[in-house]
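[1] next one to model:
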Amino acid sequence: MILDESKPFSQACFNNRQPILAVLERVFADASHVLEIGSGTGQHAVYFASHLPHVRWQTADLPENLPGIRLWLEDWYLNAGEEFGIEQPRAHLPEPLVLDVLGEWPELAFDAAFSANTAHIMPWPAVPIMFREVSARLAKDGHFAIYGPFNYDGQYTSESNARFDSWLKANNPESGIRDFEKMNGAARQAGLELIEDNAMPANNRLLVWRKS
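    Predicted coordinates for the structure are as follows:
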């Protein structure tokens, strides 16, 4: 793999993209407009957009992360037609939106949403807000998929997750691996029903809710 050193790069995004896509290909089979919350480097966006040609994939993140996302998008625009047969790449993967979960959300509608490795970074009060705001904009029967590490019954699922949680809290006391039960409770209060809990590599999960 030849990497443009000017673009931000996450090894974790590169490692987990295929297992996540295997689930999204099924869960987002009928979706047409996906909002990605916390797009990070932009790597997931270009990979998933390349393999889900029926979907308009909308990236969104804090302002400081948008320049890096744009670098990945601009590079993808140059190759999407030849490599993936996507005739209008900028319509398929539009410019990223500014989105602060605790701030004012953009007015848009979508029939699917995705977020990776964000719930343990944002403070816990932001998580129920994320569920509520997504549900308010999500079409009926639309899906919200969240990837990351989670605890079950208040217990870590691995020693590596326990070490990761300690590292997170040392850097920011408001961050940390979230309890699955609290996550699902917040989702249910927002009108979302859990339909899948998928095991992922490296002790992660991909949780999928549907708007009932």
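[2] pLDDT score assigned to G85?
    Each residue has a pLDDT score; the one for G85 is 89.
[3] phi, psi of the residue nearest to it when sequence neighbours are not counted?
    Beyond its immediate neighbours in the sequence, the residue positioned closest to G85 (CB to CB, 6 or more residues apart in numbering) is P53, lying 7.3 Å away. C-beta coordinates here come from the backbone N, C-alpha and C atoms, glycine included. Here the main-chain torsion angles of P53 (degrees, to the nearest 10) amount to phi -70, psi -10.
[4] need the contact list for P53.
    In this structure, P53 makes contact with 84-86, 92, judged by CB atoms under 8 Å, 6 or more residues apart in numbering.
[5] just give me the closest of those residues to Q11.
    Proximity of the contacts of P53 to Q11 (CB to CB) peaks at F84, which lies at 23.4 Å.
[6] name the helix or strand for the closest residue to that closest one other than its chain neighbours, please.
    Computed as CB to CB, 6+ apart, the closest residue to F84 that is not its neighbour in sequence is S50, at 4.9 Å. With elements taken from DSSP states H and E, the one containing S50 is helix 43-51.
[7] show me what secondary structure element comes after the lengthiest helix in the chain.
    Once the chain is assigned using DSSP state H, the helix that runs over the most residues is helix 66-84. From helix 66-84 onward toward the C-terminus, using DSSP H and E, the following helix or strand is helix 89-92.
[8] tell me what that next one is packed against?
    strand 56-61, helix 66-84 (3 or more CB pairs under 8 Å, 6 or more residues apart in numbering; DSSP states H and E).
[9] show me where this protein has helices.
    In chain order, the chain shows helices spanning 11-27, 43-51, 66-84, 89-92, 126-137, 159-171, 180-189, with DSSP H as the criterion.
[10] hey, which of those helices is tucked in deepest?
    For these, ranked by mean neighbour count under the definition mean count of other CB atoms under 10 Å, the leader is helix 43-51 at a mean of 22.
[11] give me the residues contacting that one.
    The set of residues that contact helix 43-51 without belonging to it, under CB under 8 Å, 6+ apart, is 9-10, 13-14, 17, 20-21, 24-25, 34, 36, 39, 55, 57, 59, 69, 72-73, 75-76, 80, 83-84, 86, 92-93, 114, 116.
[12] any buried residues in stretch 54-61, and which?
    In terms of neighbour count (16 or more other CB atoms under 10 Å), stretch 54-61 has its buried residues at 55-61.
[13] give me every residue that touches F131.
    Contact partners of F131, counting by CB under 8 Å, 6+ apart, are 144, 186-187, 189-190, 192.
[14] low-scoring stretches of this structure, by residue?
    By pLDDT under 70, the weakly predicted segments of the chain are 1-5.
[15] tell me, what residue is most central in it?
    S115 (1.7 Å; CA atoms, centre = their mean).
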